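Chemist: Take a look and give me a structure for this.
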Amino acid sequence: MNDAPASSPADAPSRPSWLQTLQVYLEPPSLRMLALGFSSGLPFLLVLGTLSFRLREAGVDRSTIGYLSWVGLAYAFKWVWAPLVDRLPLPGLTRWLGRRRGWLLLAQAMVVAGLVGMAWHDPRLDLQGLVLCAVCVAFGSATQDIALDAFRIESADADRQAALAACYQTGYRLAMIWAGAGVLWLAARAEVAQAASYQPEAWRLAYLVMAASMGVGVLTVLLSREPAPRPQPTARSPGDWLRSALVDPFADFIRRYRWQAVLILGLIAIYRISDVVMGIMANPFYVDMGYTKDEVAAVTKVFGVVMTLLGAFVGGSLSLRYGVMRILMLGAVLSAASNLLFAWLGTRGHDLVGLIWVVSADNLSSGIASAAFIAYLSSLTNIRYSATQYALFSSMMVLVPKWLAGFSGRYVDAFGYGQFFVSTALLGLPVLVLVALASRVAIQKPQ
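Modeler: From the prediction side, this is the model:
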């Protein structure tokens, strides 16, 4: 006979009020994550989305643009050097700033240097040089993300991670406004009337301003407080260090979830596949449909990003109240379905009103899905290996989608934009099955 007292409703954890939920976004860790999210989001578009617009305007063919999207695979393989970021001290910087902030500052310096190089290379004359600089930006940006994810996870308890994820997404999307709309607006303003359609001097100015804008992240790193250092196992030899840095983080995850780790990793690998594969051809689509820089900047890079911010706050707030897995399913459904709207838009020609509606729905869906997904990944992470494990998860998130996206230009050339957008929507169907199965897996906290 079980003599334990029955639980009563009073024993259950109380659900926070809406006011308490919203106040989380004004806490110092949330505000810091807002600024650091800006630093993280700025380089991403400049080596992927905005770069594809620039390349298409310069006359680079769609197939080449698709293949060049593989520059973004740096984000997919960041788990390879994540253990170094997690454990390796940087001479001078670690003593001055601490482990997390030291790596953040080094990564930001790499991004700035790469953006300056991209500013000075004309893709019509030296495409290879431009690509090499883009690789430098991507590598620095991926390294920044490794350190930033660890900084975020170590800055607050698990119940605050959804809010920090929403703030991170907000800063990230604000940076995307600046790196998307801002760079197009700057390039358009710097163009000389009656000159050629592609003017490298205009893009040079725009990219130099973007490099200077990384100062927001640099200043935030210098003014932030280093999270409390976590105890690290003492390594008696190089072999011990390698085991603790490379093997233990992965073994910990497998040990906690056993065979269910395959299901979880499968979900992580394809959750954003619809968005990522479609996104590579979005800017070439806008150019080919006759939208101007100012139209693309205003609708897709400003208004659209505002809708993503709204989606991020909705996703973060709903995750706090109703649970991450329910909102993860909602985000998966909306993300796949919104791609069908682009297929419809392709039949409309130059339709600015249609573009507004389609971008609104797509970006709102993306914001909801991203906030819930980041919170889910954070919940899987053991704080002892926060940088390495989160880098593994976020790398897997983009590896398959970005590899597949490299062929998107060839697919569009062969079948057209309409069939391409429908196909990317269908790619989201297996995601729904995996979310349903993963929702039955209990989160295993480290012992």
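
Chemist: Go ahead and confirm residue 308 touches residue 367.
Modeler: Yes. Between residue 308 and residue 367 there is a contact at 4.0 Å, judged by Cβ atoms under 8 Å. C-beta coordinates here come from the backbone N, C-alpha and C atoms, glycine included.

Chemist: buried set for stretch 273-289?
Modeler: Neighbour-count burial for stretch 273-289 flags 273-287, 289 (criterion: 16 or more other Cβ atoms under 10 Å).

Chemist: Out of those, which sit inside helices?
Modeler: Per DSSP state H, helices hold the following members of the buried residues of stretch 273-289: 273-279, 282-287.

Chemist: Format these as CSV; extra columns: pLDDT.
Modeler: Output for these, formatted as CSV (pLDDT from 0 to 100):
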residue, pLDDT
273, 89
274, 88
275, 87
276, 86
277, 89
278, 90
279, 84
282, 87
283, 85
284, 88
285, 90
286, 90
287, 85
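
Chemist: any idea which of these is closest to residue 73?
Modeler: The closest of these to residue 73 turns out to be residue 276 (Cβ to Cβ; 11.5 Å).

Chemist: Quick one: residues contacting that closest one.
Modeler: Taking Cβ atoms under 8 Å, 6 or more residues apart in numbering, we find residue 276 in contact with 398, 401-402, 405.

Chemist: I'd like these as CSV, with pLDDT and distance to residue 326 appended.
Modeler: Conversion of the contacts of residue 276 to CSV gives the following (pLDDT from 0 to 100; distance: Cβ to Cβ, whole Å):
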residue, pLDDT, distance to residue 326
398, 79, 24
401, 87, 23
402, 85, 28
405, 88, 28
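
Chemist: By neighbour count, which of those residues wins?
Modeler: Within the contacts of residue 276, most neighbours by other Cβ atoms under 10 Å means residue 405, with 26 neighbours.

Chemist: wait, isn't that one in contact with residue 66?
Modeler: Yes. The pair residue 405 / residue 66 is scored as a contact, 7.0 Å apart, by Cβ under 8 Å.

Chemist: Please identify every residue contacting each of the two.
Modeler: Residues touching both residue 405 and residue 66 by Cβ under 8 Å, 6+ apart: residue 280.

Chemist: I'd like to know how far residue 152 sits from residue 317.
Modeler: Distance from residue 152 to residue 317, counting by Cβ to Cβ, to the nearest Å: 18 Å.

Chemist: Pick out whichever of these two has more residues nearby.
Modeler: Regarding residue 152 and residue 317, a neighbour count based on other Cβ under 10 Å identifies residue 152 as having more, with 27 against 20.

Chemist: what about the helix or strand hosting that one, average pLDDT?
Modeler: According to DSSP states H and E, residue 152 maps onto helix 127-153. Averaging pLDDT along helix 127-153 yields 90.

Chemist: Going by neighbour count, which residues in that helix are buried?
Modeler: Buried, per 16+ other Cβ under 10 Å, within helix 127-153: 127, 130-131, 133-153.

Chemist: same thing with stretch 200-216?
Modeler: For stretch 200-216, a neighbour-count test (16+ other Cβ under 10 Å) marks 200, 202-211, 213-214, 216 as buried.

Chemist: Excluding chain neighbours, give the residue nearest to residue 61 in space.
Modeler: Leaving aside its chain neighbours, residue 61 sits nearest to residue 409 (7.4 Å; criterion: Cβ to Cβ, 6 or more residues apart in numbering).

Chemist: Now for the one you found: which residues touch it?
Modeler: For residue 409, the contact set (Cβ under 8 Å, 6+ apart) comprises 61-67, 280-281, 284.

Chemist: Can you say which two of the residues you listed are spatially most distant?
Modeler: The two members of the contacts of residue 409 with the most space between them (Cβ to Cβ) are 61 and 280, at 13.8 Å.

Chemist: for this protein, longest helix please?
Modeler: The longest helix of the chain (DSSP H) is helix 352-380.

Chemist: so that helix versus helix 127-153, what angle?
Modeler: 50 degrees (axes from the mean of the first three to the mean of the last three Cα atoms, to 10 degrees).

Chemist: Show the subsequent helix or strand relative to helix 352-380.
Modeler: Beyond helix 352-380 in the direction of the C-terminus, DSSP H and E gives the next helix or strand as helix 386-405.

Chemist: Does anything pack onto that following helix? Which helices or strands?
Modeler: helix 73-76, helix 82-87, helix 127-153, helix 248-257, helix 260-270, helix 273-279, helix 352-380 (3 or more Cβ pairs under 8 Å, 6 or more residues apart in numbering; DSSP states H and E).

Chemist: Let's have the ones you listed in TSV, adding distance to residue 418.
Modeler: Shown next, in TSV, are the helices and strands packed on helix 386-405 (distance: least, Cβ to Cβ, whole Å):
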stretch	distance to residue 418
helix 73-76	28
helix 82-87	40
helix 127-153	29
helix 248-257	41
helix 260-270	23
helix 273-279	12
helix 352-380	13
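
Chemist: So for stretch 104-120, what gets flagged as buried?
Modeler: 104-108, 110-112, 114-119.

Chemist: Out of those residues, which sit inside helices?
Modeler: Among the buried residues of stretch 104-120, the members falling in helices (DSSP H) are 104-108, 110-112, 114-119.

Chemist: out of those, which one sits closest to residue 190?
Modeler: Nearest to residue 190 among these, with distances taken as Cβ to Cβ, is residue 119, at 11.9 Å.

Chemist: pretty sure that closest one is touching residue 201, no?
Modeler: No. Judged on Cβ under 8 Å, residue 119 makes no contact with residue 201 at a distance of 10.1 Å.
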